[in-house]
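Asks: would you be able to build a 3D model of this:
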Amino acid sequence: MKTVYISGPMTGLPDLNAYEFSFAEARIKAAGMKPVNPHTLCDPSWDWNRCMRADVTALCASDALLLLPGWEKSSGAQLELHIAHRLGLIVLTDADALGRYARGEA
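Replies: This next block holds a predicted model:
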């Protein structure tokens, strides 16, 4: 089963942008793939560095990275994208790309 890590802005957004991450998680599941939602990886008491270490570990075990809108403004998402590129992961930028990937077209 393909694993898709969700990346996007959190810091400074209401509820750390949890709605957008949950919505993406549901889309990935509906497409028959396994989502990796960073919101489920970190304890709320952890600082940014500790969360990023957990997130990067999960990213490295994934097959693809899905970027949420606004990722460009997130230093964490920028780091995750850099790592994904260097590791040769598939990078998905929208729902259409996610669908193509799920169907084996990407």
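Asks: hey, let's count contacts and neighbours off CA atoms from now on
Replies: Fine.
Asks: now the strands: where do they sit in this structure?
Replies: With DSSP state E as the criterion, the chain has strands at 3-7, 34-36, 64-67, 90-92.
Asks: as a markdown table, these with distance to residue 78 would be great.
Replies: Converted to a markdown table, the strands of the chain look like this (distance: least, C-alpha to C-alpha, whole Å):
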| stretch | distance to residue 78 |
| --- | --- |
| strand 3-7 | 9 |
| strand 34-36 | 17 |
| strand 64-67 | 10 |
| strand 90-92 | 12 |
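Asks: can you list those strands in TSV and add mean neighbour count and mean pLDDT?
Replies: Below are the strands of the chain laid out as TSV (neighbours: other C-alpha atoms under 10 Å; pLDDT from 0 to 100):
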stretch	mean neighbour count	mean pLDDT
strand 3-7	26	98
strand 34-36	22	98
strand 64-67	25	98
strand 90-92	19	98
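Asks: and of those, who's closest to residue 13?
Replies: Counting by C-alpha to C-alpha, residue 13 lies closest to strand 3-7 out of those; the figure is 14.1 Å.
Asks: and the closest one, what does it pack against?
Replies: Secondary structure elements in contact with strand 3-7, counted by 3 or more C-alpha pairs under 8 Å, 6 or more residues apart in numbering; DSSP states H and E, are helix 18-30, strand 34-36, strand 64-67.
Asks: residue 37 - how many residues pack around it?
Replies: For residue 37, the neighbour count with other C-alpha atoms under 10 Å is 20.
Asks: that one: what's it in contact with?
Replies: Contacts here follow C-alpha atoms under 8 Å, 6 or more residues apart in numbering; on that basis residue 37 touches 5-6, 21-22, 25.
Asks: and with 6 Å instead?
Replies: residue 6 (C-alpha atoms under 6 Å, 6 or more residues apart in numbering).
Asks: how close does it get to residue 105?
Replies: Distance, residue 37 to residue 105, using C-alpha to C-alpha, to the nearest Å: 23 Å.
Asks: repeat that for residue 86.
Replies: Residue 86 sits 21 Å away from residue 105, going by C-alpha to C-alpha.
Asks: what score does the residue located most distally from the centre of the chain have for pLDDT?
Replies: Outermost residue of the chain with respect to the C-alpha centroid, by C-alpha atoms, centre = their mean, is residue 45; its distance is 20.6 Å. Residue 45 is assigned a predicted lDDT (pLDDT) of 91.
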